[in-house]
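1. just need the structure, nothing else, for what follows:
(chains A, B and C)
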Amino acid sequence: MRIILYLNQFFGQLGGEEVADAPPRLVTEVVGPGRALATLLQPDDQLVGTLVCGDSYFADHTEAASATCLELIRTLQPDLLLAGPAFNAGRYGIACGELCRRATAQLGIQAVTGMFEENPGVELYRHDVTIVRTGHNAVAMRQALELMLRLGRDLVAERPLDAPAVAGYYPHGILRPAIGRAVAARRATDMLLAKLSGQSFETEVPLPKMDAPPPAPSPLVDLRNKVVALVTDGGLVPAGNPDNIESSAATHFGVYSIEGLDRLAPEDYEVSHGGYDNRYVKADPNRLVPLDAARQLEREGRLGKLYDKYVVTTGLSNPLQNSRRLGREIADHLKQAGVDAVILTST
Amino acid sequence: MRLTLQVHHVSSLDWSSGPTALGDGAIGRLLINRADLAAELLRDRRLTGVHFELVQPGESCRILAVSDIVEPRAKLEPAGRDFPGALTGVQAVGFGTTRVLRGMAVTVLHPNERLPGHIVDMRSGGVPGHSATDLSRFARLHHLVVVPQLAEGVLGDEAENALRMATLRASAWLARTVEVGQPDAREEFTLQPVSNDLPRVAYVYQLHSHQRPTVPGEPLLYGDNCRHLLPTILHPNEVLDGAVLRAYGYFNMETYGIQNHGVISDLYARHAIDLNFVGVVVYVANQLAAERERATLIASNLVRYTLQADGAVFTKSGGGAPNVDMALIADRCESLGVKTSLILWETGAPGASDQDATLFNWPSLDAIVSIGASQLRLDLDPVERVVAPDHQSLAPFYAPMHVGPTQMCGATDHLGAGTLMGVRY
Amino acid sequence: MTPVAQMVGSHRIVTGNGIVHPMGAADATPQAELELRRRLLERAAAALATPVEDPTVLS
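-> The predicted structure follows:
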């Protein structure tokens, strides 16, 4: 295998923080971790070059730095890019992750990096890049390089990787079916007994890491001349579902007129949502999108002015990435329409 | 309470014009008088006809439109108490003697189901490198398939009830009527007192999720529809001996799976060995926030203060929303000092990442077993025989199929008897 | 499902009347249902006017 190693200013031996703004350059000598790597190579492996770039330079000029690095990589025609390992260094981790992602996406080159679990680069890149788990700092250098090299070899040979827990990398986030070593009940009791006796165990389903929410919008104290929109994720669509909103994991949203309507009439709507018993909402759609009560309050001056359309999508089993996109798109639409506030009704 | 199961092994099924009998002429051979069975089922006038099929393990065969699967069981002593509250009156069960015909199931099809519906595949492993029996316990069984015809006007919940009653009736009739010799095995279920140094373990059992509210007459617990059930405690024998049933809609849970309950079987097997199985807290996943909050408090208090459990295993039912009900109770148990492990089916969609699936993220819930996820796909092989209600074109179902695990009976078992899981790569 | 709303970071949350009819009540008279809807919307309007920092269930 022809291998390229990417290092930051420190491991690439340019210096410390004072040269973190060093632009990328190719180095032919074997420096820093490259020396350890050289001892791990097999007879037909070759370290064809070492790419060194300052962490700040990469962070502040990501496009230019990436372009330069990719060009340098391309000229050397490697089979594999090894970046870092970055251990717990955040900017370094992000640079390694970004470069690996681009090298694979744009040049089709396999790439592996390594990070400690708290490195922010892990969550940002593990879905797109193979990132091996490393220790906290360079004391763990040799083990990290060994693992990176081993997985790199598998990737280049197009061998499927073992499960992350076995092979030592962070999950890419793909779920595959497998047959467990014992029935679920047995595994659950085993896990509980281990937990009770203080022994280590590994959960089969890790909990999602939610981003911290953005700061709350300031309150709208006087609604009287504000525009309020009714939005729902309960899948209430006009009869015939004209825009084919899916009944699960909807990929788009619908915007439908309620102009001149005092209430939603059951014969005009249907429900495209498989996650709750639809019969009550079908019998009276106002139980989900409360137009009748909203119009009353609007006339009484208690709810501002209603936007003349309502917005609908289906939240059931909707991947987070998709939901976030839908949320942004719906918000954009409503902002352009001059809407000030949303009442979102959810099943 | 001591329950004795008299287990008779069935190794083949056949029709007979004589009496229904087991072991006549060949060990394990069950001869079924189908006219008698039909007469029994047609006592319910909501059925206007019924026909039967036999399917055996290893056959290149798919059964479609399954509405439920049940093991033939009948109480011998005290007699006349099968599925109390549903098939018979509300009576005490969980003790005495119950006959079991093991190695077979009665599999009832839904005549109105849009195909393929729920599938029993006797041949396909679904997961590369695995066999059909790895994927589902039902590939191991001999199936007596019942295809009912419902009377005109018997639709919706009424149809569901008719099918449920037919399932229970078939189960009890077969086990009660069959002529048998001595049982091949006896299984005893009793919670004998154990030493104080074994950890006290409870099972927290979500019976049903009212995201699909039950209707009057839908029998779940001694015949009650549990529409506003407050958490309570059952002896595990009550669950095993017919007092607990599943709701109408088929969702990762069959009656067979309650009779041969994954979690209860495992806790029983380990009782007095590495744990003290102290009891079963049952509850429902609620529709209203106040009911959910009430159930959280009562259930966790029962686990901590009444059962005085050190740890608890949790299962759920239904789809995604009831994950929250289970998580709320488990989290409160953890805050009261009770350790928990959860059995979870995840509800992502194709393209979902591993972040999407749980609907909760309390850090205390760090011991979760996977029984698969809705975004997984299984590849089924072509088959030579398809058994289905006969009004639709069956041609597509002989061909290879690409299905979600929930469609495969037994692949995803909320109650923990399956081995399918979702592994993160 | 207010716990889910809190988990994903919704700032202003009002509890509805159930999964299958968040703005309704199957066993109430139409008049009572409408009254319930009005009350829930008034709570929503009040929530919009309430300063919050973290995801909050407001009643």
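2. excluding covalently adjacent residues, which one is nearest to the most centrally placed residue in chain C?
-> Centroid-nearest residue in chain C: C:Val14, 3.1 Å away (criterion: CA atoms, centre = their mean). In space, and not counting its chain neighbours, C:Val14 is closest to C:Arg43: 4.8 Å by CB to CB, 6 or more residues apart in numbering or on different chains. All C-beta atoms are positioned from the backbone trio N, CA, C, and that covers glycine.
3. contacts only, for that neighbour.
-> Residues in contact with C:Arg43, defined by CB atoms under 8 Å, 6 or more residues apart in numbering or on different chains, are C:14, C:58-59.
4. how deep is the residue in the stretch 51-200 of chain B that chain C sits nearest to tucked in, by neighbour count?
-> Per CB to the nearest CB, the residue of the stretch 51-200 of chain B with the smallest distance to chain C is B:Asp157, at 14.9 Å. A total of 13 residues lie near B:Asp157 under the criterion other CB atoms under 10 Å in any protein chain shown.
5. with B:Ala272 instead?
-> By other CB under 10 Å, neighbour count at B:Ala272 equals 14.
6. please state the backbone phi and psi of it?
-> phi 70, psi 0 (degrees, to the nearest 10).
7. setting aside sequence neighbours, what's the nearest residue to it?
-> B:Val194 is the one closest to B:Ala272 (CB to CB, 6+ apart), at 4.4 Å.
8. low-confidence ranges in chain B?
-> Within chain B, the segments meeting pLDDT under 70 span B:349-357, B:391.
9. near chain C, which residues of it show up?
-> Contact residues, chain B versus chain C (CB under 8 Å from any CB of the partner chain): B:210-211, B:213, B:287-289, B:321, B:324, B:327-328, B:359-361.
10. among the residues you listed, give me the pair with the biggest separation.
-> B:Pro213 and B:Asn361 (27.5 Å; CB to CB).
11. more neighbours: the two, which one.
-> Ranked by neighbour count (other CB under 10 Å), B:Pro213 and B:Asn361 place B:Pro213 first, with 22 against 17.
12. got a list of what the more buried one touches?
-> Going by CB under 8 Å, 6+ apart, B:Pro213 touches A:277, B:227, B:287, C:20.
13. for burial, what's the neighbour tally of C:Arg38?
-> 20.
14. same check, this time on A:Gly274
-> A:Gly274 has 15 nearby residues by other CB under 10 Å.
15. contacting residues for it?
-> Taking CB under 8 Å, 6+ apart, one finds A:247-248, A:316 in contact with A:Gly274.
16. ok, it to B:Asn33 distance?
-> 42 Å (CB to CB, to the nearest Å).
17. do B:Gly49 as well
-> In terms of CB to CB, B:Gly49 sits 17 Å off from B:Asn33.
18. repeat that for B:Phe397.
-> From B:Phe397 to B:Asn33 the distance is 30 Å (CB to CB).
19. ranges for the helices of chain C?
-> C:2-8, C:30-48 (DSSP state H).
20. an error on my part: the question was meant for chain B.
-> B:34-41, B:132-135, B:156-177, B:236-240, B:255-259, B:262-270, B:289-301, B:322-335.
21. convert the C-alpha atoms of the third one to CSV, please.
-> Included here for helix B:156-177 are C-alpha records, laid out as CSV according to Å, rounded to 0.1, in the frame of the first residue of the first chain:
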residue,chain,number,x,y,z
GLY,B,156,-63.4,-3.8,12.2
ASP,B,157,-63.2,-4.5,15.9
GLU,B,158,-66.0,-7.1,15.7
ALA,B,159,-63.9,-9.1,13.2
GLU,B,160,-60.8,-8.7,15.4
ASN,B,161,-62.8,-10.1,18.3
ALA,B,162,-64.1,-13.0,16.3
LEU,B,163,-60.6,-13.9,15.2
ARG,B,164,-59.2,-13.6,18.7
MET,B,165,-62.0,-15.9,20.1
ALA,B,166,-61.4,-18.4,17.3
THR,B,167,-57.7,-18.4,18.2
LEU,B,168,-58.4,-19.1,21.9
ARG,B,169,-61.1,-21.6,21.2
ALA,B,170,-58.9,-23.6,18.8
SER,B,171,-56.1,-23.7,21.3
ALA,B,172,-58.2,-24.8,24.2
TRP,B,173,-60.2,-27.3,22.2
LEU,B,174,-57.2,-29.1,20.7
ALA,B,175,-55.4,-29.5,24.1
ARG,B,176,-58.6,-30.4,25.9
THR,B,177,-60.0,-32.9,23.4
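22. do it and chain A come into contact?
-> No. Using CB under 8 Å from any CB, helix B:156-177 stays clear of chain A, with a minimum separation of 9.8 Å.
23. which strands and helices sit next to that helix?
-> helix B:34-41, strand B:47-55, strand B:66-70, strand B:73-77, strand B:96-102, strand B:104-109, strand B:142-150, helix B:255-259 (3 or more CB pairs under 8 Å, 6 or more residues apart in numbering or on different chains; DSSP states H and E).
24. which parts of the second one are buried?
-> Pointing back at strand B:47-55 there. B:47, B:50, B:52-55 (16 or more other CB atoms under 10 Å in any protein chain shown).
25. circling back: residues near the residue nearest to B:Ala272, how many?
-> Counted with other CB under 10 Å, the neighbours of B:Val194 add up to 15.
26. contacting residues for it?
-> By CB under 8 Å, 6+ apart, the neighbours of B:Val194 are B:271-272, B:276.
27. let's go with 10 Å and repeat that
-> B:200, B:271-273, B:275-278 (CB atoms under 10 Å, 6 or more residues apart in numbering or on different chains).
28. up against chain B, what does the stretch 201-347 of chain A have?
-> Within reach of chain B by CB under 10 Å from any CB of the partner chain, the stretch 201-347 of chain A has these residues: A:201-210, A:246, A:248-251, A:274-280, A:315-323, A:347.
29. near chain B, which residues of chain C?
-> So chain C meets chain B at C:1-4, C:7-8, C:15-22, C:25-26, C:57 (CB under 10 Å from any CB).
30. for A:Asp222, which of the helices of chain B is the nearest?
-> helix B:289-301 (29.5 Å).
31. just list whatever residues bridge to A:Gly114.
-> For A:Gly114, the beta-bridge partners are A:Val132 (DSSP bridges).
32. for the helix or strand of chain C with the lowest mean pLDDT, packing partners?
-> Taking mean pLDDT, DSSP states H and E as the measure, chain C has helix C:2-8 as its least confident helix or strand, at a mean of 84. Applying 3 or more CB pairs under 10 Å, 6 or more residues apart in numbering or on different chains; DSSP states H and E, one finds that helix C:2-8 contacts helix A:320-336, helix B:289-301, helix B:322-335, strand C:12-13, strand C:56-57.
33. nearest to B:Met401, out of these?
-> helix A:320-336 (26.2 Å).
34. which residues are in contact with that closest one?
-> Contact partners of helix A:320-336, identified using CB under 10 Å, 6+ apart, comprise A:127, A:208, A:210-211, A:227, A:229, A:231, A:233, A:249-253, A:255, A:307, A:309, A:311-315, A:318-319, A:339-342, A:344, B:348-349, B:351-353, B:355-357, C:8.
35. understood, closing this out.
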